[in-house]
Each structure stands twice: as C-alpha cells, then as structure tokens.
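[1] The sequence isn't on hand, but the structure is:
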C-alpha cells in the first residue's frame, strides 16, 4: 500500500470515477440528479484540497482521502474494496501524518457514521443542511485521540 499526494489530471479523473461509484453504492438517499449536481461541485472543489490516494502494489488506485486543514473533506473507496481496511488506513494516515481531527458525515449514511465512530470520532453537532445548502443534514464529528 502506498498513500501519495495526487497531482496529475489523469489521477483526478480516476478519483472522480471512484467517488461516483462509491457514492452510488453508499448514498442511497441521493437521486441521480443530486449525484450529478454534487459531482460538478466535487470537480471544482478537489483542486483546493490535499488529496491522497491509496494504491495497491500494482499502482492501482483503490481509494482516496481529501483534506483541508484539520478536516477530512472526502473519503471514498472503490466499492469492490469495501471492508478491506483501505478506509481505515487512509483515516489513520490523516490522523497521524496530517493531524486531522474533524469530519462531516451525511446523517443518512449510518455506515459512515459507524465507521468514523469506530475510528474514534464523536458527533459534536448536527447541521440541517450540507455545506452547499442542500437539505441533506450533516453530523459534525471530532476525534479527540
């Protein structure tokens, strides 16, 4: 496993591909139109973040994490690799090497909440809308480890 900073356009295309596959597998509360709208936002937002990929020994990208200051902004793993420790490895990297301690999780995504709680995060606040003002409540979580 390697975790490295993402710089190339080709890698950003792979990230968007993983993002969309993962969202469709986990965010059942989103419509296809919601996904298209959010995807456009993600494409614009990604270059402003520190983005790190998890790659296997063959160099295949299996997941990624995007960080802004002390906050995880995105964590997505290709669905065929769910449950293989990739998300945990990326969060461990973010906690230890990038000193993150915050994340927002969609309230409707119970699996994500459970995952972050397992990683030591606790809910500190609930927001009625997402960061773009859409009616998808967020849970603000903080890690105090």
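    Nice, I can see it. This one's a predicted model, so the numbers in the text were calculated from it and none came from an experiment.

[2] could you pull out the strands for this protein?
    2-5, 50-55, 61-68, 71-77, 102-106, 121-127, 138-143 (DSSP state E).

[3] Residue 30: neighbouring residues, count only.
    19 (other CB atoms under 10 Å). Heads up, the C-betas are built off the backbone N, CA and C, glycines and all.

[4] Any stretches of the chain with poor pLDDT?
    Where the chain drops to pLDDT under 70, the residues are 1-9, 145.

[5] any idea which residue sits dead centre in it?
    Relative to the mean C-alpha position of the chain, the nearest C-alpha, by CA atoms, centre = their mean, is the one of residue 75, at 1.8 Å.

[6] what sits against it?
    Applying CB atoms under 8 Å, 6 or more residues apart in numbering, one finds that residue 75 lies in contact with 63, 64, 65, 66, 87, 90, 91, 103.

[7] Tabulate these in TSV, adding columns for distance to residue 112 and neighbour count.
    Converted to TSV, these look like this (distance: CB to CB, whole Å; neighbours: other CB atoms under 10 Å):
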residue	distance to residue 112	neighbour count
63	14	23
64	15	27
65	13	26
66	15	23
87	9	23
90	13	25
91	11	22
103	9	25
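
[8] distance of the closest residue to residue 14 other than its chain neighbours from residue 17?
    Leaving aside its sequence neighbours, residue 14 sits nearest to residue 61 (CB to CB, 6 or more residues apart in numbering; 5.0 Å). As judged by CB to CB, to the nearest Å, residue 61 and residue 17 stand 9 Å apart.
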